[in-house]
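Q: Structural data only, the sequence is not supplied:
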């Protein structure tokens with residue numbers, strides 16, 4: 001599985017993005033995305049009410065090229081500090097498999113650093 005964390009900023013809002021592809025065949029996966037501080041030690045969003053991150057269940061994954069979307073985007077619904085660096089984190093798991101506990105120091109997703117302007 002190839003996984004990529006992405007982000008975009010529009011109208012003073014940070015959007016977290018996850019992209020995924022299989023390296024062979026197809027699969028159904030569960031995708032989790034969350035935002036951490038610059039050091040990757042503290043969860044900034046979504047917070048303790050969602051201990052596995054923002055979930056997207058039963059998502060299809062195929063090899064490239066593919067015309068079907070294999071990405072998900074979430075708007076960060078929390079005020080962020082201007083000039084601070086954050087880490088967009090993504091974990092893609094087998095459908096129905098173990099969920100990541102994003103508050104555990106041993107859980108790491110694919111990360112992308114982004115500075116909030």
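A: Okay, I see it. Every value quoted in this text rests on a predicted model; they were computed, and no experiment measured them. Numbers count the residues shown, from 1 in each chain.

Q: Does the most far-flung residue of the chain relative to its centre belong to a helix, a strand or coil?
A: The outermost residue of the chain relative to its centre, with distances by Cα atoms, centre = their mean, is residue 25 at 22.6 Å. Here residue 25 is coil, with the state taken from DSSP: H, G, I helix; E, B strand; the rest coil.

Q: Relative to residue 79, how far out is the residue nearest the centre of the chain?
A: What sits nearest the mean C-alpha location of the chain, by Cα atoms, centre = their mean, is residue 33, with 2.6 Å. Relative to residue 79, residue 33 is positioned 19 Å away (criterion: Cβ to Cβ, to the nearest Å). Where C-beta positions appear, they are placed from N, C-alpha and C, glycine not excepted.

Q: Report the buried residues of the helix or strand containing residue 88.
A: Using DSSP states H and E, residue 88 falls within strand 85-94. By neighbour count with 16 or more other Cβ atoms under 10 Å, strand 85-94 contains the buried residues 86-93.

Q: Over to stretch 4-24?
A: Taking 16+ other Cβ under 10 Å as the neighbour-count basis, stretch 4-24 is seen to contain the buried residues 5-7, 14, 16-22.

Q: Now for the residues you listed: which two are most distant?
A: For those, with distances taken as Cβ to Cβ, the pair at the greatest spread is 14 and 22 (28.1 Å).
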